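[1] please work out how this folds:
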Amino acid sequence: MMSAHEALDRLRNGNRDFVARMQGGDVALSDSRRSELPKDQNPFAIILGCSDSRVPAEIVFNQGLGDLFVIRVAGNIVAPSQVGSVEFAAARYDTALVVVLGHTQCGGILATLEALQQPSEKLSPGLKSIVDRVRPSVAPLLKTDLRNDLDSLVRHAVRANVAVSVNHLRHASALIEQLIQDGKLAVVGAEYSLETGAVDFFDTAGAE
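    Predicted structure coming up:
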């Protein structure tokens, strides 16, 4: 396991490489591109995704500095702070698209299923708050035959959780509802495959 000291060194070295790429003529990190960013930003999409280290939105969608307004939280749940972040970007930058991005083999989903199937008092208050927000989307699945097939259960639970988050976000605030009603904002769901790298967009009402 990497120590905190080793992790800090790795981040420092990574940033040095990043700066070297900027100075080396990388188009996405060019001086002209970076010179625009301190003054303002104009992200074309808002991504509400999972904190999982295997799903970095900028890399998954092949985008650069200033392109995406990314909000990450375990289980891609919708809580007040996420709603506020979406409101901020949509109102301040006129960003017209929100993507709720789930992914296969989501740890937040697995933790919730474990908590529901084997209740435990060991969950910290913070983790319990995430599990409690995921619970409504996956609990009904445990009443079906999916409970006998863990792989299928997880696959369906990931999508169900994204769908619930999309619906929650669409009705999360008067501002978001008004922007959607006026055709200025669309909230869609998507799933990233850890196995293939492909993103499957679904529940895309208002964006197509």
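[2] can you give me the buried ones in the helix or strand harbouring Ala157?
    Following DSSP states H and E, one finds Ala157 within helix 150-170. Using 16 or more other Cβ atoms under 10 Å as the test for burial, helix 150-170 gives 153-170. Where you see a C-beta, it was placed from the backbone N, CA and C, and this is true even at glycine.
[3] outside of that helix, which residues touch it?
    Helix 150-170 has contacts (Cβ atoms under 8 Å, 6 or more residues apart in numbering) with 48, 75-78, 82-83, 86, 98, 100-106, 108-110, 112-113, 134, 136-138, 140-142, 146-147, 176-177, 180, 187-191, 202-203.
[4] now do the residue lying closest to Val134 once chain neighbours are set aside against Arg135, distance only.
    Closest residue in space to Val134, ignoring its immediate chain neighbours: Thr112 at 4.2 Å, by Cβ to Cβ, 6 or more residues apart in numbering. Distance, Thr112 to Arg135, by Cβ to Cβ, to the nearest Å: 6 Å.
[5] more neighbours, those two?
    Each of Thr112 and Arg135 has its neighbours counted (other Cβ atoms under 10 Å); Thr112 has more, 25 against 15.
[6] right, and the more buried one touches Gly75 too?
    Yes - in this structure, Thr112 is within contact of Gly75 by Cβ atoms under 8 Å, at 7.4 Å.
[7] can you check which residues contact both of the two?
    Residues touching both Thr112 and Gly75 by Cβ under 8 Å, 6+ apart: 130, 134.
[8] okay, buried residues for stretch 179-187 please.
    Those would be 179-180, 185-187, for stretch 179-187 by 16+ other Cβ under 10 Å.
[9] start to end distance for it?
    11 Å (Cα to Cα, to the nearest Å).
[10] can you offset everything so residue one is 352?
    Got it, first residue is 352 now, which makes that one stretch 530-538.
[11] that one - what's its average pLDDT?
    For stretch 530-538, the mean pLDDT works out to 94.
[12] any low-confidence regions in the chain?
    Within the chain, the ranges that satisfy pLDDT under 70 run 373-386.
[13] would you map the strands across it?
    Secondary structure of the chain by DSSP state E: the strands cover 396-400, 419-423, 448-454, 537-543, 550-553.
[14] in its sheet, what does the last one sit against?
    If I follow you right, that is strand 550-553. Next to strand 550-553 in the sheet, as set by DSSP bridges, lie strand 537-543 (antiparallel).
[15] do the second one as well
    Strands that pair with strand 419-423, judged by DSSP bridges, come out as strand 396-400 (parallel).
[16] just the CA trace of the strand it pairs with, in PDB.
    Provided in PDB are the C-alpha atoms of strand 396-400 (Å, rounded to 0.1, in the frame of the first residue of the first chain):
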ATOM      1  CA  ALA A 396     -21.800  20.100 -19.900                       C
ATOM      2  CA  ILE A 397     -22.300  19.300 -16.200                       C
ATOM      3  CA  ILE A 398     -21.300  15.800 -15.100                       C
ATOM      4  CA  LEU A 399     -22.700  14.500 -11.900                       C
ATOM      5  CA  GLY A 400     -20.600  11.400 -11.500                       C
END
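[17] right, I'll leave it there.
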